[in-house]
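>>> When you get a sec, could you give me coordinates for this:
(one chain, ligands or ions: 2)
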Amino acid sequence: MPEGRDQFVVEDARFSLSVGDPRALPPPLPRELCVVGRSNVGKSSLINLLLERRELARTARAPGRTRLVNFFSVRLRRARLRPCELNVVDLPGYGFARLSASEQRRVEALLGAYLSGGRGQGAALQLIDCRRQVEELDVDIQRRLAGAGFATVVAATKIDKLAKSRRVGVARRLSAAFVGAPVVLTSAADRIGRAELWSELWRALRL
Ligand SMILES: Nc1nc2c(ncn2[C@@H]2O[C@H](COP(=O)(O)OP(=O)(O)OP(=O)(O)O)[C@@H](O)[C@H]2O)c(=O)[nH]1
Ligand SMILES: [Mg+2]
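Residues are numbered from 1 along each chain as shown. Ligands and ions are numbered 1, 2, ... in the order given. The predicted structure is shown next:
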């Protein structure tokens, strides 16, 4: 089936809440899907691809822009099944060096509060830039997600930047690094991977 004409239809997607203070996080919402990854990895762009909205999650050229936890409420329908309501959560990027120490601490506290807030009923989408090695920070997040009970799906981002011949190597490398998690190659720029990603997320969310 051609990309963009797949069976996953987003009937409605809207911004619902921004949180900057760990104490202001809402209790776990039904069917929460968090999107997490290094700063600038392409989280907001991939959310926009999944939701088929051009600028719902803001994307920025300057990394480290999303320093809040942003919630979106989404109604998703798979083919002719009954639509379901999801809560998609854009988490602040980790590993951005050029923040002040206090801002880094605040972001870490926010991310930590989210990851340890009893939300493991939900699923996580962890992003890795296909051109980068999996780093200690990524492994640390992976462990924290698993420890909290999140079912994790891994997306390699910006796959348009790699020649087709090199893509299979990325999939193999990430599958070895994230044992047990499905790995999907994606590009928000070229609209690659949307249907495959939704199928894996559907399973992870036990829809
Ligand atoms: N070539 C290419 N560039 C992309 C892709 N996805 C995102 N980008 C670019 O990567 C940069 C960061 O994208 P964002 O979606 O803002 O990344 P983010 O992870 O939300 O960043 P922060 O919220 O700042 O942590 C932007 O310049 C995007 O245009 C992609 O699939 N292909
Ligand atoms: Mg972002």
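>>> Distance from the longest strand along the chain to the middle of the chain?
In the chain, assigned by DSSP state E, the strand with the most residues is strand 8-19. Taking Cα atoms, centre = their mean, to the nearest Å, the mean C-alpha location of strand 8-19 is offset from the chain mean by 14 Å.
>>> again with stretch 81-91
That offset, for stretch 81-91, works out to 13 Å (Cα atoms, centre = their mean).
>>> Mind giving me the packing neighbours of the longest strand of the chain?
helix 43-51, strand 69-78, helix 194-204 (3 or more Cβ pairs under 8 Å, 6 or more residues apart in numbering; DSSP states H and E). Where C-beta positions appear, they are placed from N, C-alpha and C, glycine not excepted.
>>> and among those, the most buried is which?
Most buried of those, by mean neighbour count (mean count of other Cβ atoms under 10 Å): helix 43-51, with a mean of 23.
>>> Ignoring the adjacent residues along the chain, who's closest to the residue of the chain found nearest ligand 1?
As assessed by Cβ to the nearest ligand atom, ligand 1 sits closest to residue 93 within the chain, at 2.6 Å. Nearest in space to residue 93, with sequence neighbours left out and distances taken as Cβ to Cβ, 6 or more residues apart in numbering, is residue 39 at 3.1 Å.
>>> Please tell me how far that neighbour sits from residue 203.
Distance, residue 39 to residue 203, by Cβ to Cβ, to the nearest Å: 28 Å.
>>> on that earlier part again, export the helices and strands packed on strand 8-19 to TSV and tack on distance to residue 14 and mean pLDDT?
Formatted as TSV, the helices and strands packed on strand 8-19 follow (distance: least, Cβ to Cβ, whole Å; pLDDT from 0 to 100):
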stretch	distance to residue 14	mean pLDDT
helix 43-51	10	94
strand 69-78	6	95
helix 194-204	18	97
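>>> Please identify which of those is closest to ligand 2.
helix 43-51 (3.4 Å; Cβ to the ion).
>>> That closest one near ligand 2 anywhere?
Yes - residues of helix 43-51 contacting ligand 2 under Cβ under 5 Å from the ion: 43, 44.
>>> does residue 13 really touch residue 74, like I thought?
Yes - assessed by Cβ atoms under 8 Å, residue 13 is found in contact with residue 74 at 4.7 Å.
>>> got any residues that touch both of the two?
51, 88 (Cβ atoms under 8 Å, 6 or more residues apart in numbering).
>>> Perfect, that will be all.
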